[in-house]
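Sequence first, predicted model second:
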Amino acid sequence: MSIHQWEANGELARREKAVYGTVVSHELANHNQHGYRFVLNGQTYTGLSHSPHDAPQLGEQVLIYYDPNDPAKNSLIDFAELQSRSLAGVPVLFFGIGTVFVAIFFLRRKHLPPKLPNM
C-alpha cells in the first residue's frame, strides 16, 4: 500500500499546480489538520491537510498544491514531499519481517531432533 501511494504521489508531483487559498478551520482532534478553501476557474474547492511547517491561522492565505486533472486532490504539502513521506514506514516493516524470520530460524534450530552418529 505504501508503494502504491508513493507511485501515485510521484505522478501527481510531476503535474501538480499551486494556488493560494484560505485556511477556514483547524481540527486539532482530527490529527491537527487544517481545512482550507480555494477557487480555481470559478469553482470552489475545499481540502483538509496537515500543515508542512508552522500552523497557519484561520483566515491566513496559504499555498495549496492540487492535481490539474482533478483539483479535488489537493494538499498543503507538495506531492513530491508526500511521495517521500509515503515510504517512511517501509524500513520498519522490513525490520519487523526480518525479525520474525530470524526468530523462527532460531526457534526451529532449538527444537530440531539430535543428529544420529554415522555407523
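Looks like it came in fine. Source: prediction; values computed, not measured.

what about residue 70, how many residues close to it?
10 (other CB atoms under 10 Å). Where C-beta positions appear, they are placed from N, C-alpha and C, glycine not excepted.

gap between the longest strand belonging to the chain and the chain center?
Across the chain, the strand with the greatest residue count (assigned by DSSP state E) is strand 17-27. Strand 17-27 sits 19 Å away from the centroid of its parent chain (CA atoms, centre = their mean, to the nearest Å).

partners of it in the sheet?
Here strand 17-27 is paired, per DSSP bridges, with strand 33-40 (antiparallel), strand 61-67 (antiparallel).

Skipping adjacent residues, who's closest to residue 60 in space?
residue 23 (5.0 Å; CB to CB, 6 or more residues apart in numbering).

Report the contact partners of the one you found.
34, 35, 36, 56, 57, 58, 59, 60, 62 (CB atoms under 8 Å, 6 or more residues apart in numbering).

ok now do residue 96, which residues does it touch?
Per CB under 8 Å, 6+ apart, neighbours of residue 96: none.

my read is it is in a strand, agree?
No. Per DSSP: H, G, I helix; E, B strand; the rest coil, residue 96 lies outside any strand segment and is helix.

Can you tell me how far it is from residue 71?
38 Å (CB to CB, to the nearest Å).

just residue 17 next, same as before
9 Å.

Same check on residue 46?
Distance from residue 46 to residue 71, by CB to CB: 10 Å.

Look at those two and report which has more neighbours.
residue 71 (17 against 13).

by contact count, what packs against the helix or strand where that one lies?
Using DSSP states H and E, residue 71 sits in strand 70-75. Under the contact criterion of 3 or more CB pairs under 8 Å, 6 or more residues apart in numbering; DSSP states H and E, strand 70-75 touches strand 43-49, strand 61-67.
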